[in-house]
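Undergrad: Structural data only, the sequence is not supplied:
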């Protein structure tokens with residue numbers, strides 16, 4: 001898998017996680033996912049964090 005595909009996968013998982021957390025209110029799970037993404041040095045981590053930042057900026 002190349003870097004851009006990893007970024008896309010990270011963005012997609014972030015969107016899925018945000019939708020699930022909005023329904024459940026399980027913020028500790030979101031924090032856990034953010035910490036894992038921050039430690040991930042692949043495109044997945046970058047895409048995940050970028051998607052969250054983009055959503056926060058809206």
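TA: Arrived safely, thanks for sending. Note that the structure is predicted; figures quoted are calculated from it, not measured.

Undergrad: Every contact and neighbour count from this point should use C-alpha atoms.
TA: OK.

Undergrad: The longest helix out of those in the chain: how far from the chain's middle?
TA: Secondary structure of the chain read by DSSP state H shows that its longest helix is helix 3-24. Relative to the centre of its chain, helix 3-24 is centred 5 Å away, using C-alpha atoms, centre = their mean, to the nearest Å.

Undergrad: now the angle from the host helix or strand of residue 36 to helix 3-24?
TA: According to DSSP states H and E, residue 36 maps onto helix 27-39. With axes from the mean of the first three to the mean of the last three C-alpha atoms, to 10 degrees applied, the angle from helix 27-39 to helix 3-24 works out at 170 degrees.

Undergrad: name the helices or strands packed onto helix 27-39?
TA: helix 3-24, helix 43-57 (3 or more C-alpha pairs under 8 Å, 6 or more residues apart in numbering; DSSP states H and E).

Undergrad: what does the longest one contact?
TA: If I follow you right, that is helix 3-24. 27, 29-30, 42-52 (C-alpha atoms under 8 Å, 6 or more residues apart in numbering).

Undergrad: Highest neighbour count among the residues you listed?
TA: residue 48 (27 neighbours; other C-alpha atoms under 10 Å).

Undergrad: Not counting its neighbours along the chain, what's nearest that one?
TA: Closest residue to residue 48 apart from its sequence neighbours, by C-alpha to C-alpha, 6 or more residues apart in numbering: residue 10 at 4.2 Å.

Undergrad: Near that neighbour, how many other residues are there?
TA: 23.

Undergrad: Now do residue 24, the pLDDT please.
TA: Note on residue 24: pLDDT of 95.

Undergrad: ok, now how distant is it from residue 18?
TA: From residue 24 across to residue 18, the span is 10 Å (C-alpha to C-alpha, to the nearest Å).

Undergrad: out of those two, which sits in the busier spot?
TA: residue 18 (19 against 9).

Undergrad: Residue 50 and residue 8, how far apart?
TA: Following C-alpha to C-alpha, the distance that separates residue 50 from residue 8 is 10 Å.
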